[in-house]
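> Could you look at this predicted model? Sequence included:
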Amino acid sequence: MIQLKKLGVVIIAVIVVALVILAGNENEEGFIKIRDRNFHLLSNPDNKDAEQDLMNFAKKNKIKLTIDYADDLEVVDMLEGGNKEYDGVWLSNSVWLYMLENVRVTDSKSININPVVFGIRKFKAESLGFTKDEVYNKEIVSAINSGKLKYVMTSVTKTNTGLISYLGFLNSLAGSPEILTAEMFKNPELAKNLRTLFSGVERVSGSDTFLEDMFLNSNNYDAVVATESSLIRINKQLVEKGREPLFLIYPVDGVAVNDSPFAYLDFGQDRKESFLALQSFLLGLDEQKKLESAGKRTWYGGANKAADANSFRKEWGIDTTKYLNAMKYPSKDVMDEAIIFYIEALRKPASIAFCLDYSGSMDGDGEEQLEKAMDFILDEEQAKKEYLQFSEKDKIYVLPFSDGVKSIYTAINGRETENLRNRIQQMSPYGGTNIYGCAEKALETVSKDSSDYTKTVILMTDGESNYGTYSELERQYRNYAGIPIYSIMFGQANSRELDSIARLTNAKVFDGRNNLIGAFKEVRSYN
């Protein structure tokens, strides 16, 4: 009897201990205790809206969360290149998950819905008849063909938004087939319509964030292609500044839609529990409401869904009761063919002037780095690996400078660059630095080309100007308004000078001090 009592006490003690352990494993959100609480997330920058909430949830649940940001195409390159430091990804579109051929991706779920559409200033949309219930992509092409519509967008070859919008146009103008095939690219009528569409591009941005800034910092643009949430952010700022908002256009024959996948990267690290907790939080009712207030849909359409009235405004052309006619994305091979098709046959030709610093301070490492970077950009075989190659319709000008412009070397066919590469290799650094003089000469050079070209000046320097003045460049720029001057700095470059030039021309400065070729690759996505 005593033995049974002792046994009963032991059993009760075991049960109590088990209950205590289980109770200790329950956190405040009701999740079972997570064995490994470290979690490293790689996310698209557009998801920063949810960063603070996600970090707060992780802290509350004792998950040590770190988040790094990179554009979708960069994410693919990082992971396919063998980077295994991340446990999960949160991208713009599931299409990029399909690109991860050497990475095991599991448990992907869509966090929000974000269509990619035209935003057109209201007066312009009304004059084009685009404020009606049904607008087709062919009507947009017609408006561009007649010269009535110009727009800005992000890079097709370097950004998710640019590529997804292109695939949407491609799919619609191909007749909205069940699935796109490479054979369809041989259709001359399709190519003609797409060339017309891209002929309306005034400027290209290499990032979604800069596209917003670029548009808001100028009154010169009437339309922009971007995600719905980005256009809502733009409109809120336009309204705050007392400026006319954009009217959003959703073609009834198909819209490209981002589905914001949150997925687990399985490298055998056993952090699935942390992942599922974070994913469940993002899909929870409270966080979904906050995403909607940031202009991100959590549904495809339908009258039963109450949208955030401050973000999804009917006067901006947003009708959340209509279902989005989302396009289907093609296979990876067809997407690769589509990008080549764009570069070779569709992209609006570029007129680009490179101002290359050959002042005395460039002697040695600076000269070697510059020539290596330019050789990479101008060598079709090297550039093609990064989708950076020029087309035969592009014009390239190289203006080496010191205290003045030494010469202007020209390639009227972007594929025939051997002479430019040879000329650059023959240059020798000497003399002072006249950044402003070269910038003015470059602006004058590209401005002579017709409006059939997108025009860009790329200035690179390792020092500060001891000839010429900013005030003179500012005065001269009135004749060339709209042509951006992007700068790449390295060495001891004066960032204040270059920032001033960027503000004047609504452009950007790139830091090439640690990776000059990387900076050249980035700046190429802006033209």
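Sure, I can see it.
> can I assume Val152 sits in a strand?
Yes. Counting by DSSP: H, G, I helix; E, B strand; the rest coil, one finds Val152 located in a strand.
> Surely it and Gly200 touch.
No. Val152 is beyond contact range of Gly200, at 9.7 Å (criterion: CB atoms under 8 Å). Bear in mind the C-beta positions are built from the backbone N, C-alpha and C, glycine included.
> The stretch 201-350 of the chain: helices as residue ranges?
208-216, 228-240, 272-282, 285-293, 332-341 (DSSP state H, counting those that start in this stretch).
> Equivalent analysis for the stretch 1-150 of the chain, please.
Ranges of helices within the stretch 1-150 of the chain are 2-25, 51-60, 72-80, 122-127, 137-145, based on DSSP H, counting those that start in this stretch.
> hmm, who's touching the last one?
Applying CB atoms under 8 Å, 6 or more residues apart in numbering, the set of residues contacting helix 137-145 from outside is 118, 128-130, 149-150, 169, 172-173, 193, 196-197, 199-200, 249, 251, 253-254.
> how about a cut-off of 6 Å?
Leu128, Leu149, Ser172, Asn193, Thr196, Leu197, Gly200, Pro251, Asp253 (CB atoms under 6 Å, 6 or more residues apart in numbering).
> can you tell me how far the second one sits from Tyr264?
In other words, Leu149. Computed as CB to CB, to the nearest Å, the Leu149 to Tyr264 distance reads 43 Å.
> And for the fifth one?
Summarising the geometry, the distance separating Thr196 from Tyr264, computed by CB to CB, is 43 Å.
> Neighbour count: the two, which is higher?
The residue with more neighbours, out of Thr196 and Tyr264, is Tyr264; 22 against 18, by other CB atoms under 10 Å.
> Now Asn506. Its backbone dihedrals?
phi 60, psi 50 (degrees, to the nearest 10).
> Tell me which of the helices of the stretch 201-350 of the chain sits nearest to Arg37.
helix 272-282 (6.3 Å; CB to CB).
> The closest one vs helix 285-293, what angle?
Per axes from the mean of the first three to the mean of the last three CA atoms, to 10 degrees, the angle that helix 272-282 makes with helix 285-293 is 60 degrees.
> Show me which positions of helix 272-282 end up buried.
Under the neighbour-count criterion of 16 or more other CB atoms under 10 Å, helix 272-282 has Lys272, Glu273, Ser274, Phe275, Ala277, Leu278, Gln279, Phe281, Leu282 buried.
> Repeat that for stretch 200-214.
The neighbour-count check on stretch 200-214 (16+ other CB under 10 Å) flags Gly200, Val201, Glu202, Arg203, Val204, Ser205, Gly206, Ser207, Asp208, Leu211, Glu212, Met214 as buried.
> how far does that stretch stretch from start to finish?
The first residue of stretch 200-214 is 17 Å away from its last residue (CA to CA, to the nearest Å).
> How far off centre is it?
Mean-position distance between stretch 200-214 and its chain equals 9 Å (CA atoms, centre = their mean, to the nearest Å).
> So for Ser155, what's the nearest residue that isn't a sequence neighbour?
Excluding its sequence neighbours, the residue lying closest to Ser155 (CB to CB, 6 or more residues apart in numbering) is Ser525, at 4.3 Å.
> Kindly tell me how buried that neighbour is, as a neighbour count.
Neighbour tally, Ser525, other CB under 10 Å: 22.
> Tell me which residues touch it, please.
Ser155, Lys158, Gly206.
> The same query, at a cut-off of 7 Å, please.
Applying CB atoms under 7 Å, 6 or more residues apart in numbering, one finds that Ser525 lies in contact with Ser155, Thr157, Lys158, Gly206.
> Now distance to Phe520 and pLDDT too, for these, in CSV please.
Listed next are these as CSV, based on distance: CB to CB, whole Å; pLDDT from 0 to 100:
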residue, distance to Phe520, pLDDT
Ser155, 14, 94
Thr157, 14, 89
Lys158, 13, 88
Gly206, 12, 91
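> so which of these comes closest to Lys521?
Lys158 (8.6 Å).
> Now Ser500: closest residue in space, sequence neighbours ignored.
Nearest one to Ser500, counting by CB to CB, 6+ apart, is Tyr470 at 5.8 Å.
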